[in-house]
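> Structural data only, the sequence is not supplied:
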Ligand code: GUN
């Protein structure tokens, strides 16, 4: 035994997201040249949650970068569910809008399920509706949930095989963990273990993972003793931690105790700069796909 640390490779989500944006930008340019419709994304933001505002700003900036049209719709957090649904119906019927999202979380008096199901599935570029969610297991998936799609795309572009591998997903949310586990099994041909808040002895499962994906939102949850030597570690956690030691008063932290885990991993994503930028790249890809379907 030597005590030389494993050399790991950093999975650079910013770089891959930049490549995907360049590919999308070229396609938008081609569409413009041949007189086809330019993709149009609408974004609905309710309230003034700081983190949501930051995510939405990134989405708007990315639309500008790739040449998409965009519409930003903001509403006070006092808006009623009925009123918000009226706005959603309006966007559903707007022929110029190819795709739209309602940024989450929503205020407590509004039902996320009810709102999500009001989104027309062919414009649901977050891939959140039951119709798109269910299509993951079909031969022809429709609009895939953006963050899981980003994770799959990162693995694909880094030539990390999933077929026959044991993927352990920690966190069973409807936005990330649940759809991602299905996608890894269906499209990635992986053996999947889905862990959640009721899982007993989490380390027993994580330490067996060839590919460990965590999407919980608890900084420091995954420590080095929970990870197998040579594992691929994908950190979807994004928690805003406040403190005077951070520039701007806060830092974004993943679920993984980065340095010690990186020393055991073969590949690892940083936070920020790993999965985060891929969510936006997938949103843009979905919007392009929705546009191509509506206006070939
Ligand atoms: N809030 C956190 N992540 C997401 C996302 O991917 N889409 C939307 N609409 N809201 C979010």
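Here it is on my side, so go on. Keep in mind the model is a prediction, meaning the values are calculated, not measured.
> for the record, mean pLDDT for stretch 192-210?
On average, the pLDDT along stretch 192-210 is 98.
> Name the residues that touch that stretch?
The list of residues contacting stretch 192-210 from outside it, by C-beta atoms under 8 Å, 6 or more residues apart in numbering, reads 165-172, 177-178, 181, 184-185, 212, 222, 225-228, 231-232. (Each C-beta comes from the backbone N, C-alpha and C, glycine too.)
> who's in contact with the closest residue to the ligand within the chain?
Proximity of the chain to the ligand (C-beta to the nearest ligand atom) peaks at residue 104, 3.7 Å away. Contact analysis of residue 104 by C-beta under 8 Å, 6+ apart lists 52, 112, 175.
> Let me know the secondary structure of the residue minimising distance to the centre of the chain.
For the chain, residue 147 is the residue whose C-alpha lies nearest the centre (C-alpha atoms, centre = their mean; 1.7 Å). When classified by DSSP: H, G, I helix; E, B strand; the rest coil, residue 147 comes out as helix.
> Does it touch residue 277 like I think?
No. Here residue 147 does not reach residue 277: they are 11.1 Å apart, not a contact under C-beta atoms under 8 Å.
> residues in the stretch 101-250 of the chain within reach of the ligand, list them.
Contact residues, the stretch 101-250 of the chain versus the ligand (C-beta under 6 Å from any ligand atom): 101, 102, 103, 104, 126, 146, 147, 175.
> Try it again at 8 Å.
Neighbours of the ligand within the stretch 101-250 of the chain, by C-beta under 8 Å from any ligand atom: 101, 102, 103, 104, 105, 126, 128, 145, 146, 147, 175.
> and which of the residues you listed is nearest to residue 238?
residue 147 (9.9 Å; C-beta to C-beta).
> and the gap between the residue of the chain closest to the ligand and residue 169?
To residue 169, residue 104 is 20 Å away according to C-beta to C-beta, to the nearest Å.
> Run a quick neighbour tally on the nearest residue to residue 222 once chain neighbours are set aside.
In space, and not counting its chain neighbours, residue 222 is closest to residue 256: 4.5 Å by C-beta to C-beta, 6 or more residues apart in numbering. Residues lying near residue 256 (other C-beta atoms under 10 Å) number 30.
> again with residue 272
15.
> you'd agree it is up against residue 258?
No. Residue 272 is beyond contact range of residue 258, at 11.5 Å (criterion: C-beta under 8 Å).
> can you pick the most crowded of the contacts of residue 104?
Most surrounded of the contacts of residue 104: other C-beta under 10 Å gives residue 175, at 20 neighbours.
> Give me the secondary structure label for that one.
Assignment for residue 175 (three-state DSSP): coil.
> before we move on, what about the one 10 residues further on?
Recorded secondary structure, residue 185: helix (three-state DSSP).
> For residue 250, list the residues it contacts.
Residue 250 sits next to 240, 241, 242, 243 when contact means C-beta under 8 Å, 6+ apart.
> Tell me the most packed of those, by neighbour count.
Highest neighbour count within these: residue 240, with 15 neighbours (other C-beta under 10 Å).
> Direction included, what does the host helix or strand of it pair against?
Per DSSP states H and E: residue 240 is located in strand 239-242. Under the criterion DSSP bridges, strand 239-242 sits next to strand 250-253 (antiparallel) in its sheet.
> Tell me how far the strand it pairs with lies from the chain's centre.
18 Å (C-alpha atoms, centre = their mean, to the nearest Å).
> This completes my enquiry, with thanks.
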